[in-house]
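A.B. asks: sharing a model that was predicted from the sequence below.
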Amino acid sequence: MTDVATNMRLKLPIICFILEIILIILFGVLVQYNEETDAKEWHKKNHSDYENDFYYRYPSFQDVHVMIFIGFGFLMTFLQRYGFSSVGFNFLIAAFSLQWATLMQGFFHGMHGGKIHIGVESMINADFCTGSVLISFGAVLGKTSPVQLLVMALFEVTLFAVNEFILLTLLGTRDAGGSMTIHTFGAYFGLMVTRILYRPNLDKSKHRNSSVYHSDLFAMIGTIYLWMFWPSFNSAITAHGDDQHRTAMNTYYSLAACTLSTYGMSALTAHDGKLDMVHIQNAALAGGVAAGTAGEMMLTPYGSMIVGFLAGIISVLGFKYLSPILEEKLKIQDTCGVHNLHGMPGILGAIVGAVTAAVATADVYGDGMKDVFPDVASGKVDASYQGGIQAASLAVTLGIALLGGLIVGFILKLPVFGAPSDTICYEDNIYWEVSLTVVSESL
Amino acid sequence: MTDVATNMRLKLPIICFILEIILIILFGVLVQYNEETDAKEWHKKNHSDYENDFYYRYPSFQDVHVMIFIGFGFLMTFLQRYGFSSVGFNFLIAAFSLQWATLMQGFFHGMHGGKIHIGVESMINADFCTGSVLISFGAVLGKTSPVQLLVMALFEVTLFAVNEFILLTLLGTRDAGGSMTIHTFGAYFGLMVTRILYRPNLDKSKHRNSSVYHSDLFAMIGTIYLWMFWPSFNSAITAHGDDQHRTAMNTYYSLAACTLSTYGMSALTAHDGKLDMVHIQNAALAGGVAAGTAGEMMLTPYGSMIVGFLAGIISVLGFKYLSPILEEKLKIQDTCGVHNLHGMPGILGAIVGAVTAAVATADVYGDGMKDVFPDVASGKVDASYQGGIQAASLAVTLGIALLGGLIVGFILKLPVFGAPSDTICYEDNIYWEVSLTVVSESL
Amino acid sequence: MTDVATNMRLKLPIICFILEIILIILFGVLVQYNEETDAKEWHKKNHSDYENDFYYRYPSFQDVHVMIFIGFGFLMTFLQRYGFSSVGFNFLIAAFSLQWATLMQGFFHGMHGGKIHIGVESMINADFCTGSVLISFGAVLGKTSPVQLLVMALFEVTLFAVNEFILLTLLGTRDAGGSMTIHTFGAYFGLMVTRILYRPNLDKSKHRNSSVYHSDLFAMIGTIYLWMFWPSFNSAITAHGDDQHRTAMNTYYSLAACTLSTYGMSALTAHDGKLDMVHIQNAALAGGVAAGTAGEMMLTPYGSMIVGFLAGIISVLGFKYLSPILEEKLKIQDTCGVHNLHGMPGILGAIVGAVTAAVATADVYGDGMKDVFPDVASGKVDASYQGGIQAASLAVTLGIALLGGLIVGFILKLPVFGAPSDTICYEDNIYWEVSLTVVSESL
């Protein structure tokens, strides 16, 4: 099952070594410990150890880390013969992306005297950016080589940092949990890439593009971890104190409500009332995506629940009715249905964020306004203007994602990157040593 | 394999949507951010960010959350053809229960000026209450529809909150890790429900009521997570400082000792000395249950180990000798053996708590008495009286659980709820789309 | 498949009960709550709750705990018919070792007025020591009875504590993440044990000494958890503040770089360019091992990446070329290849630590020197001397590990301990009740 094109003997080592060596050199030249990780700097000032940002954010970081490596990785193991690649390529491109993101994000908004200063917050941001790449990975899952994925990550991280810089720094957009910067961006970037990589004869691999019993259980590990730790994700980089606390709680209730609407919709849309694992594995998470922007705001618990409730409905409907249309009419082959989990719920989250921002009042936020809407608190803009900024940011994100995906999609078409042929997509055996036992086991 | 009765096409959506809409309305009317999650309230006072309860309790909360969704969910995947339902229904009823518990617990002990105030502590308490429902789920696993489970959760959460209110608020009982409120309550409630739902012809599904190799490995994921995070569970809502620290440590040693006695007893009670996965998956956890009440007390490390050691022995003996008797003589069909993991160890924990409370002295507790036994510290009661209260609380809990289970069991017998027939219990295929591949794989 | 020798009916209960009863008695006599877990002592002093060490270290502890029980346990489930034993014996010997380690480590460096004082830091140290035993378990996996493993743990924990005492207390060595004390010690101890237990006819079980598709996916759960939480492992007992923060970050980048070199090397060394799951599951973790000593030092981010990059290369080369030689020439049958994951990367970590220590300057460390190199800060030794101490510590560790493994290996050869015969190694069925279904499933 190996042919010359997909043989990774030289391609993969070359790209891994070149990328890592470039990373090491750039880190050597540009990256320094920040004040909280540097032995000398930290001890220069007179502060208590518990004021170190490590204690505020490291538990959240670890939860995010689990989402990136276990959550995304195992969520994609639902395919019957693609578990090694799902977890394994997820692992590889995440390990690369978090290093590259440290540089790109640092370059755009972490420079101090010509150096990029890093600590737990930059680690979280790097993981966030990585999440965006993994969302795009979901759209092209099973149809790309690891070399293609590394090239995609290289460009996508860069564009992510540009978009993030425009939104958060230039426009003053608020998007702590990344409904726009992470989910909308990652989804539409990936959808455009998979559109460009459209395979008219993909039905030759159709028999492998489905799950078996235990592969669905492995995928549920990913789902449940994403679901549980989404409150940590959305609150990981909000301001200390009430902000982290409130964001986590809003997300918790949004997800809980989303789960009920997902189960209801899954049974309702099936002709025999049976639940569909695809919906449970994915749509139940849409509440986390949709609370990504407004989660830190005074969304209220019941507001969060409404958002989650709607997100679950939209997401199941997307899987059931929209995905087949996208594939047939628009030629978008979206393996994991990222449009339903990250795309539409991300847009919903952006809209909810814009509305919630527009109606923010000093009466509700008090002195907490400066944490959530610093530009409103400082009088630089008023709340309705902030709402407008939020809405405009969605448009910017969609534009950069789609344009970026277009360009990167064409780059990935270069045959040198070793994509599998149409007859052997969704198959671990191309890129991995797989023991023969597997064949008898899963057929 | 679908017949009209078990078809969830309308039943499940109707109950999910009605419940969630009621929840949203009640949250809208009754629930508010507390002082630590509200932007305005938190900033009114002059405190440091690290004083926010989020930093004391959120890591514990996340560990508890993992126990609820991964721990309970995967522990129950041991059945060969019921993994989707185990993880999936666990997910559904937990997502509902935590919302409903927020309201019920808030109603009984979280009201401030007519509003329920919520934050990380209420989130932990809601997860705790959810744990109780999931214990009951274990007793009826494989024999109930998701609609039945939601109805059971609705009533059980309510009764849980009543019992908890009587114990913690009216009586002044101490039960931080819930040996009584969570484990004893959940177990005996579930045992009574399964008694009422007794199926004389359940042996028609007997061939599915067992594990296969990989289903046992999936179940070990649940076991190990429950085991690892039980120290966080028992310490999640104790007082800050030494109390959380001590409770976690006591539980850690109780569990370690329990594991050794479990392995010893499992080999000893097998005619050929082979270990039984059922014991390892369950009995090794009994040390956490049994340290639920006394864990926060000055139980001492070796005291904790004795408790765990005994709990492991009792639990294995229960699985080996008592469960068959309960099924044959008392007609209690306890799928997961919750009587052995939560029932008897819960009672043991309650007794240990009563004794430990009764012998508490100012000499041992010093000024820490006010955290562990506030009523004793204030002079309202003496230690031996506190011990009596603890013992009485066990009786109250058993009474409410058994009576509640009796009533709820009869409600669940209504045919409209879509229970599976005796011939197709322990079978995912009734409620889930299952690919045909599974049949060849696991038969 | 059971014969008299491997029947655990009496052997396992006897050793479990005797060990646990001895532990309880020794804990009763020797162990006390420390100042942060004792109700009276903690309240004697006037401090804020957030100063309790619980809040600095408990999240790290839980991450370490996950590595020990899920990480090591599932990493070893790669064998097709040995999953129960991998997770189950890992569970048993870890539960024993952490109790015994509390006593041994307490005896050597935790005595206060004749009592061993315990808290979260001792819990982490006990888990660390347990990790060392589990590394040795990896070398003998599939070829030992649970009784042999408990006996091995009994001796290995003791010797671990002796070595740790010599290094950390007598010599003043720095080794926060245990490149030497944990990884080098555990690996070479285990390698010597497996050398002594050499089985010339092990090829009779060769067909079971390999993976199947889903067993490799289970193993990836272990790998990914180890990878994600290694930053917590290395930083768990460093000084508060910048030290924990920096150590976690150094490890994070070391692991990321290691992952890229592992993937590159795995493809490069395969004749058809296919990735080998053994490499991904193991070598990608070598960056964590290699950052174990220097992680807390001012290694710099790019320095950490170089270390990880090299560790991945060394480790894959070890699996590919050195392991077969060790087995054929030196008769070392190393089931999990611990020499490649813990042995060589541990030595690399020790050397990196020695060099980094030797070049430490006040200019770089400032007042932080006292946390990282207290003996250098106090003027007791200079940096180059500290480097020499570090190098000498590696030699001491290797000596104690090899000599200890030699003696313990001979003890384990006693037939009473019930080792499996050469024809039934790597087989759960000897020690576990395994349902018949498994046979048809995995053959």
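C.D. replies: On my side now, so go ahead.
A.B. asks: so A:S211: helix, strand or coil?
C.D. replies: Recorded secondary structure, A:S211: coil (DSSP: H, G, I helix; E, B strand; the rest coil).
A.B. asks: any idea of the mean pLDDT in the helix or strand harbouring A:S132?
C.D. replies: Using DSSP states H and E, A:S132 sits within helix A:120-140. If you average the pLDDT over helix A:120-140, you get 98.
A.B. asks: what about the next helix or strand after it, near chain C?
C.D. replies: For helix A:120-140, the succeeding helix or strand toward the C-terminus, using DSSP H and E, is helix A:146-164. Yes - counting by CB under 8 Å from any CB of the partner chain, chain C has neighbours in helix A:146-164: A:P146. For the C-beta atoms, the positions are set from N, CA and C on the backbone; glycine is no exception.
A.B. asks: which positions in helix A:146-164 come out as buried?
C.D. replies: A:146-161, A:163-164 (16 or more other CB atoms under 10 Å in any protein chain shown).
A.B. asks: show me how far that helix is from its chain's centre.
C.D. replies: 12 Å (CA atoms, centre = their mean, to the nearest Å).
A.B. asks: elements contacting the strand or helix carrying A:S304?
C.D. replies: Applying DSSP H and E as the criterion places A:S304 in helix A:301-317. On a contact count with 3 or more CB pairs under 8 Å, 6 or more residues apart in numbering or on different chains; DSSP states H and E, helix A:301-317 meets helix A:242-268, helix A:277-282, helix A:286-290, helix A:344-358, helix B:11-30, strand B:31-33.
A.B. asks: if you average pLDDT over the last one, what comes out?
C.D. replies: Strand B:31-33 shows a mean pLDDT of 98 in the predicted model.
A.B. asks: name every strand pairing with that strand and say which way it goes.
C.D. replies: strand B:115-118 (parallel) (DSSP bridges).
A.B. asks: contact partners of the strand it pairs with?
C.D. replies: A:249, A:301, B:30-35, B:37, B:102-103, B:106-107, B:110, B:122 (CB atoms under 8 Å, 6 or more residues apart in numbering or on different chains).
A.B. asks: could you redo the last one with a cut-off of 10 Å?
C.D. replies: A:249, A:252-253, A:301, B:26-27, B:29-38, B:41, B:102-111, B:122, B:125-126 (CB atoms under 10 Å, 6 or more residues apart in numbering or on different chains).
A.B. asks: next one: the longest helix along chain A, is it in contact with chain B?
C.D. replies: If you go by DSSP state H, chain A has its longest helix at helix A:383-412. No - Helix A:383-412 lies out of reach of chain B by CB under 10 Å from any CB of the partner chain, never closer than 13.5 Å.
A.B. asks: about what we covered before: how about the helices and strands packed on helix A:301-317 in JSON lines, adding mean neighbour count?
C.D. replies: JSON lines is the format used below for these (neighbours: other CB atoms under 10 Å in any protein chain shown):
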{"stretch": "helix A:242-268", "mean neighbour count": "29"}
{"stretch": "helix A:277-282", "mean neighbour count": "25"}
{"stretch": "helix A:286-290", "mean neighbour count": "35"}
{"stretch": "helix A:344-358", "mean neighbour count": "25"}
{"stretch": "helix B:11-30", "mean neighbour count": "19"}
{"stretch": "strand B:31-33", "mean neighbour count": "23"}
